[in-house]
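In: Fold the following and give me the result.
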Amino acid sequence: MAKYKVELLNPAWVDLDSIADYHLHEVGPDSSRKITDKILTALLRLESFPLSYPLAPYKELAEQGYRVLVCGKYVCIYKLQGSTVYVYHIAASAANYPSLF
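Out: Here you go, the predicted structure:
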């Protein structure tokens, strides 16, 4: 089975930091860490199965090959290019995430 490299781009790290900060203030450090760890663990699955998640439900993103990995209340928007999976954004699933691009 092919092994892919997963790279979180700067906007995705900023998104993850914002998620952690929000939960830190809302539910405390332990819950905040659990949520971010859950997201990072889910993203590690992309090393083996990057095409197992669906194309983005928005036509303009799907046409460009963006996929979404749903993790709890969040979606990770990524694209496979060659042997690297680039994670562009991590957003609340209710967000209008095409506006992030």
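In: Could you pull up the residues touching residue 51?
Out: 67, 80 (Cβ atoms under 8 Å, 6 or more residues apart in numbering). Glycine gets a C-beta too; all of them are placed from N, C-alpha and C.
In: List the contacts of the residue nearest in space to the middle of the chain.
Out: Nearest residue to the geometric centre of the chain (Cα atoms, centre = their mean): residue 76, 2.0 Å. Contacts were defined as Cβ under 8 Å, 6+ apart; by that measure residue 76 touches 12, 39, 42-43, 68-69, 87, 89-90.
In: now it, what's its secondary structure?
Out: Reducing the assignment at residue 76 to three states with DSSP: H, G, I helix; E, B strand; the rest coil gives strand.
In: oh, and call the first residue 614 from now on, that's how I've got it
Out: Sounds good: first residue 614 from here, last item residue 689.
In: which secondary structure element contains the residue nearest to it when sequence neighbours are not counted?
Out: Of all residues beyond its chain neighbours, the one nearest residue 689 is residue 682 (4.4 Å), with distances taken as Cβ to Cβ, 6 or more residues apart in numbering. Per DSSP states H and E: residue 682 is located in strand 680-684.
In: repeat for residue 707
Out: Taking DSSP H and E as the criterion, residue 707 maps to no regular element, lying outside all helices and strands.
In: Can you report how many residues lie near residue 622?
Out: Applying other Cβ atoms under 10 Å, we find 13 other residues in the vicinity of residue 622.
In: cool, the one 5 residues further on as well?
Out: The local packing of residue 627 (other Cβ under 10 Å) involves 13 other residues.
In: send the alpha carbons of the helix or strand where it lies over as PDB?
Out: For residue 627, the enclosing helix or strand under DSSP H and E is helix 623-640. Provided in PDB are the C-alpha atoms of helix 623-640 (Å, rounded to 0.1, in the frame of the first residue of the first chain):
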ATOM      1  CA  ASN A 623      -0.200  27.400   7.300                       C
ATOM      2  CA  PRO A 624      -3.900  28.300   7.100                       C
ATOM      3  CA  ALA A 625      -4.800  24.800   8.400                       C
ATOM      4  CA  TRP A 626      -2.400  25.300  11.400                       C
ATOM      5  CA  VAL A 627      -4.000  28.700  12.100                       C
ATOM      6  CA  ASP A 628      -7.500  27.000  11.900                       C
ATOM      7  CA  LEU A 629      -6.400  24.300  14.300                       C
ATOM      8  CA  ASP A 630      -4.900  26.900  16.700                       C
ATOM      9  CA  SER A 631      -8.200  28.800  16.600                       C
ATOM     10  CA  ILE A 632     -10.200  25.600  17.400                       C
ATOM     11  CA  ALA A 633      -7.900  24.800  20.300                       C
ATOM     12  CA  ASP A 634      -8.100  28.400  21.600                       C
ATOM     13  CA  TYR A 635     -11.900  28.400  21.400                       C
ATOM     14  CA  HIS A 636     -12.200  25.100  23.200                       C
ATOM     15  CA  LEU A 637      -9.600  26.000  25.800                       C
ATOM     16  CA  HIS A 638     -11.800  28.900  26.900                       C
ATOM     17  CA  GLU A 639     -15.100  27.100  26.500                       C
ATOM     18  CA  VAL A 640     -14.400  23.600  28.000                       C
END
